[in-house]
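Colleague: Turn this into a model:
(3 chains)
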Amino acid sequence: MKAASTPSHLLTFRTQGRLYACDLLWVHEILRQPGVTEVNCAPPEVLGLIHLRGQILTALDLDRRLGHPPAPKPPSARCIVFKTAGELARLTTPPADADRAGNDLVGILVDSIGDILTTTQDLLPPPNDSLSKLDTACFAGVLARPEGLVALLNIGHLLSPSALAAT
Amino acid sequence: MHASLHDSSLLFTVAGDLLSTNVATVRADLLTALDRHTSATSVVVNLSAARTVDSQGLNLLISLLRECERRKLELRITEPQSQVHRLLSYLNLASRFGLPALVAS
Amino acid sequence: MSAEDHEMLSLFIQEAGEHLETLEADLLQLENNPRDAQRLNRIFRAAHSIKGTAGFFGLTPITDLAHVMESVMSLVRDGRMDATPAIISHLLTSTDKLKLMVAAPDRAGEVPTLEERKALQALLHLEPAPPAAPTPPPLPECVRRFKLDPILVGDALRHDQNLYVIDLRLHADIEAQGHTILDYLNEVVSLGSFLDSVTEVESNTGLGDTAPADLHVALLFSTAMEPDLLLGAFNLPASQLTEVPLDPLRDWLKTQPTLVPASSATASGKAPTPVSTSPAPAPVPVSAPAPVAAPAPVATSAAVVVSPSPSSPAVVAPPVLTPAAASAPAPTIPPMATPMPGQVARVKPEETIRISVNLLDSLMNLAGEMVLGRNQLVRLLGQGTKAAKLPEGLDTVVQSINTVTSELQRTVMRARLQAVGGLFGRFHRVLRDLGPKLGKEFHLETVGDDVELDRTILEGLSDPMTHLVRNAADHGIEPTEERRRLGKPTMGQIRLSAAHLAGHVQIEVRDDGRGLDPDRLRAKAVEKGVITADQAARLTPAEARALIFAPGFSTAAQVTDISGRGVGMDVVKSNIERLGGRVDLASTFGQGTTVIIRLPLTLAIIPALIITQGGRRFAVPQSNLEEIIRPNAKRALEQFGGATMFRLRDELLPVLRLGTLLGHPASESDPQGFLLVLALDDRRFGLLVDSIADTEEIVVKPLGRHFKGLPFYSGATLLGQGEIALILDPAGLARGRLQPVASLPKPVTEAKNDDDSIERVLLFRDGPQETYALHLANIARVERLRTDRIERIGTFDYLRQANGPTLRLLRLHDFLPVSKAGPLPAEIHVIIPRLLHHSIALIANQILDATDLHTAAIDKETVKGVGILGTLTLADRLTTLIDLYGVIKAAGLAQTAALPANRLARTRVLVAEDTALFREAIRRALEGQVSCLDIMKDGELAWQRLQHETYDLIITDIEMPNCDGFELTRRVRADQRLRHIPVIACSARSSDRFLEKARDAGINHYETKLDRDRLLKAIETVLPSH
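Modeller: Sure thing, here's the model as predicted:
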């Protein structure tokens, strides 16, 4: 995958010790202690549904979605809720991948939220081989940071139903 | 009641209701202030703290009106509570105190 | 304010808004051509109209400004003044102010209009004074100290009121009696109209006076009350109440220079009266704008709105959308699968507004959540009343919130409706293109283009309809040559129709092609392994045709690209079912096929049964639910091979366990639980669940993209505490899991060629004598309740529901020719029908059973009557089959009450009125009172109508574009055939000059707009007595 350009504002977060980031423009809000209602027979990456002020959003498990083995979520877990296509359309410069956005509300559950980075740092292309088991289309690139390598995610792709998982 | 002078405007801030029980005091205070601040050209009465004005209170306000006419001073009431404003409207006094007439429903 | 007033006010806002748009445009154009008579007239009428309608609501700030604009325009129009750029500027800024006020009428008083009014009035004063009137008669002494407002005085006189002067000493007469001044004056004001007051200040010498005398106030007051009543009300000695002689006032009125139109009566019949406060006298009263200190529902500034009951307009947001009319079928409409970018297709562009689809969806969501909140509120209130100690008036408030919420929900739903014609229209092009490709010719007919469906349903219909139409074109219609040989028209006829039927929309795709061959279908099914040869032989023709819906079934030699990607009829069926609808087939081999799609009217809120499974709650749509059974030792689940079954009367019902389907750990030995009998299009099955709770109205929220492949769920909903419950999709649960079973009941509506069909009915009794049957399909649910829950109001009985509208309870013996059932026992059942428009329920004191009947056995002759479909013998009992709609009609709910038996009832009335608001008001005033009411938008149209219809009475507005009221009346009077017809004119103007003109034209009676009672009285007066 060719290296994309780094968005100027990033939200970082962590799951199972791995560091990730996403374009802040994608983020709608962050929920703490989200109560997730399980849905039987749903695809594996779907943790369930969350009630948010009268709307129902789909909660995905980040690890499962990417192809990592899942792990239980700690109490500090947060849900990052992303913008819908309609909300993105209202931005003057929508983020990359916005064309894949849908009209339904989707969020991902992560272990913890990190800092917001403002950076002009160059993006390194994601290493292909070591991530072969994973849904590589979800990765836009890698940032080398003092705290470790941060994987920048293609949210548009991430939120789309995974092609890997069998329905 | 509190009186203060701003430029040439004498501001009276009434501390509470204007009733038969306190009009005498207020009247005395008004007179004193008027006599002291002879440079004033206009008078503003802030009624925001007055929930009720009875007939004596009304009489006092009219006295002040007449007094200001005598002394050639402009007179205005500001921030009346709605029921006081309405009362003044009913009595066709609102405009004389620089207030617009109000809806009464 | 009543719901009607709300509607009227929003009509006003809409209308006035339109007038203001054209007004501005006309004013701008006027600068180029200041003498354009037509334009001048239009501008005048716009101001006049706004003034009239605003006056109707007592919106004095608007009326005042519009009035002065109208006066200026009157002079300009009559040529007495030129429309200079300066004048046009003033009028334009005035129009701007009007726009602000009309946008939020309740706060109209906050808009400063003093400058504009002063400027326009100054123009009026430039007008040469009218010829000096004879010295005006002196005003009565008692009123001379007051400022008389001709409008108010005129109004009071016209309404036959008395004028009084009340002299008050504030302390002695009010406070000494134990009242506060404000309370006292409020009460006085509520008894009539406050015209003016004078407070005596001259005797006060200033602050030096330490003991000022009691304040004297004189009030000028108009009221219908008599003096002695007033004295009693005010507790005054007679010496302080002076009745004002009215004749001198009438004389005085006549001399007033400016044409003062009477302000229209408000809904309560009392005139809004501005209190004149400006020190400078003005011939036209100027009301100074006033900021309202505390937000009050009435905000007509400087106006003392006087009425015993508040008639003030409440805040009404201007309507966002009006329902869509059919858009002309255009072959180039893009596929509806992608949501249309917020456009509502309309016939009349000036009545619409564009709104984004997202905003609409937000509205839908919010409205839905409000319904939930309302339901909870009502429920809590129900609990609360038992605990007592609720604030007074709380349940009235809740009731009004209840009403408003329902109305809001209904209105927002309507906003999502789109006409099906848009979808249908696409197929003209599709078929035109398909024709050459297939070597065939097609003719497409569409019926019911105006039928409206929820947007999401229309989107969901797009794919299935495309498949059905292409199917009809490809497989149904024969090639042209073959058709000619068969004697069929060369063009294949394809007909798409949509119609509203009871509670649902029915869409049909009909072709006159080959039709379905049951034998071929049977053979194919066996070949494909869908059924065995044995089963195939036992299928009825209808069942054989229904095989086409079986998964993986296709009779086409090859799945052609034209019929669409190998999508079979089973996918069409599941798509329709996912929308909450059903699909049926009717076909005659050799003659054609009709596919019948039935869809619910709205998608978003459905009644559903809440159940629990595995500790979690789910919702099952009521529309699929036929029965609930509690299996026990006597009626148990049985195992047949690997399948679980339940014997339901003479049917073997396949049973699915919800727990197993969901993957919950099974507890096989547990026969407890509840069995839900769910109906799909052509079969039924039982669903075993742990427990059931209430039926509720739930808001359907769609599931996101990740759930698209899941057949079990059709959506999710939020229950009371915000808990998420998934909505089960019975068709999805059953798919692929049910074996076709031989003896299944046939679908409720059968193919046209079969004479007999089986229908499921509920048997019940009311009283020992009569047994009734009602189609199960008509029944939403049955409830049992104690008779003491019934509330009686007048002669009607009502049942209040915790979540749902209040139901009117009907006893069948009141409406049908059946024997009386006797008083009600302590506990009864109520049968709640599935009806959208009527909140009723039937009382039954005993529910017998649900059973099947053969339609052929219904006797339609022996017993007849409204509400009776027929009788038949069921289980040795004579049973009456109920026609629910007949019962509704018999209960008088379906139409307006019988016409009053008086002269009015025999009168045919023609109305000419160009203002929509007043047309509506007249319609409401007269509908149901007269035998015929035709309302025309203009004098010219009314005149044309008079040429071919007879009328006993004409009611006309004066100011109308093409032919005004005077002209219309003149024509009527000049026509031999028509000249005898009495004419009542309604107008906001009422000067003497007008009255004369009216008399000259031949108008019998002149009425101001718009007082219903006065109008009715006027009609009675002018109608010839016989």
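
Colleague: do the longest helix along chain B and chain C meet?
Modeller: Identified as the longest helix of chain B according to DSSP state H is helix B:55-70. Yes. For helix B:55-70 and chain C, the contact criterion (C-beta under 8 Å from any C-beta of the partner chain) is met by B:S55, B:Q56, B:L58, B:N59, B:I62, B:S63, B:L64, B:L65, B:R66, B:E67, B:R70. Bear in mind the C-beta positions are built from the backbone N, C-alpha and C, glycine included.

Colleague: If you count contacts, what does the helix or strand encompassing C:R429 end up packed against?
Modeller: Using DSSP states H and E, C:R429 falls within helix C:421-438. Applying 3 or more C-beta pairs under 8 Å, 6 or more residues apart in numbering or on different chains; DSSP states H and E, one finds that helix C:421-438 contacts strand C:442-447, helix C:455-471, strand C:492-501.

Colleague: model confidence over that helix, on average?
Modeller: Across helix C:421-438, pLDDT averages out at 81.

Colleague: Report the buried residues of the one helix or strand C:L182 maps to.
Modeller: C:L182 is located in helix C:181-190, with elements delineated by DSSP H and E. Burial within helix C:181-190, assessed by neighbour count using 16 or more other C-beta atoms under 10 Å in any protein chain shown, is assigned to C:I181, C:L182, C:Y184, C:L185, C:N186, C:V188, C:V189.

Colleague: do the same with stretch C:767-783
Modeller: By 16+ other C-beta under 10 Å, the buried positions in stretch C:767-783 come out as C:767, C:770-782.

Colleague: Present those as TSV; the columns should include secondary structure.
Modeller: Converted to TSV, the buried residues of stretch C:767-783 look like this (DSSP: H, G, I helix; E, B strand; the rest coil):
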residue	secondary structure
C:G767	coil
C:E770	coil
C:T771	strand
C:Y772	strand
C:A773	strand
C:L774	strand
C:H775	strand
C:L776	helix
C:A777	helix
C:N778	helix
C:I779	strand
C:A780	strand
C:R781	strand
C:V782	strand
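
Colleague: Between which two of those residues is the distance greatest?
Modeller: C:G767 and C:A777 (25.1 Å; C-beta to C-beta).

Colleague: Who are the packing partners of the helix or strand of chain A with the lowest mean pLDDT?
Modeller: Scoring the helices and strands of chain A by mean pLDDT, DSSP states H and E places helix A:85-89 at the bottom, with a mean of 78. Counting contacts by 3+ C-beta pairs under 8 Å, 6+ apart, helix A:85-89 packs against no other helix or strand.

Colleague: so what pLDDT did the residue in chain A that chain C sits nearest to get?
Modeller: Closest contact between chain A and chain C, by C-beta to the nearest C-beta, is at A:D104 (3.4 Å). Per-residue pLDDT puts A:D104 at 82.

Colleague: secondary structure element for it?
Modeller: Counting by DSSP H and E, A:D104 is found in no helix or strand.

Colleague: if I look at the residue nearest to C:S691 when sequence neighbours are not counted, how far off is C:V677?
Modeller: Distances taken as C-beta to C-beta, 6 or more residues apart in numbering or on different chains put C:T612 closest to C:S691, at 4.7 Å, once the chain neighbours are dropped. Separation of C:T612 from C:V677 (C-beta to C-beta, to the nearest Å): 18 Å.

Colleague: Any stretches of chain B with poor pLDDT?
Modeller: Chain B contains residues with pLDDT under 70 at B:102-105.

Colleague: Would you mind listing what in chain B touches chain C?
Modeller: Looking at chain C, the residues of chain B close enough under C-beta under 8 Å from any C-beta are B:24, B:27, B:30-31, B:34, B:52, B:54-56, B:58-59, B:62-67, B:70, B:80-83, B:85-87, B:89-96, B:100-105.

Colleague: Emit the PyMOL select command for whichever of those are buried.
Modeller: Those of the residues of chain B next to chain C that count as buried under 16+ other C-beta under 10 Å are selected in PyMOL with:
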select buried, chain B and resi 27+30+31+34+52+54+55+56+58+59+62+63+64+65+66+67+80+81+83+85+86+87+89+90+91+92+93+94+95+96+100+101+102+103+104+105
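
Colleague: count of neighbours near the nearest residue to B:E67 once chain neighbours are set aside?
Modeller: Excluding its sequence neighbours, the residue lying closest to B:E67 (C-beta to C-beta, 6+ apart) is C:G206, at 3.9 Å. A count of nearby residues for C:G206, using other C-beta atoms under 10 Å in any protein chain shown, gives 18.

Colleague: now C:K528
Modeller: By other C-beta under 10 Å, 15 other residues sit near C:K528.

Colleague: Next, give phi and psi for it.
Modeller: Dihedral pair for C:K528: phi -80, psi 0, per degrees, to the nearest 10.

Colleague: and it, what pLDDT?
Modeller: The predicted local confidence for C:K528 is 78.

Colleague: now C:R410
Modeller: 66.

Colleague: For C:G55, see how far away C:F685 is.
Modeller: Separation of C:F685 from C:G55 (C-beta to C-beta): 65 Å.

Colleague: Compare these two (neighbour count), which wins?
Modeller: Shown here are C:F685 and C:G55; by other C-beta under 10 Å, C:G55 has more neighbours (28 against 22).

Colleague: For the more buried one, give its distance to C:A66.
Modeller: Counting by C-beta to C-beta, the gap from C:G55 to C:A66 is 9 Å.

Colleague: which stretches of chain A form strands?
Modeller: Under the criterion DSSP state E, strands of chain A are mapped to A:9-15, A:18-23, A:27-32, A:46-52, A:55-61, A:78-82, A:106-110, A:112-118, A:139-145, A:148-153.
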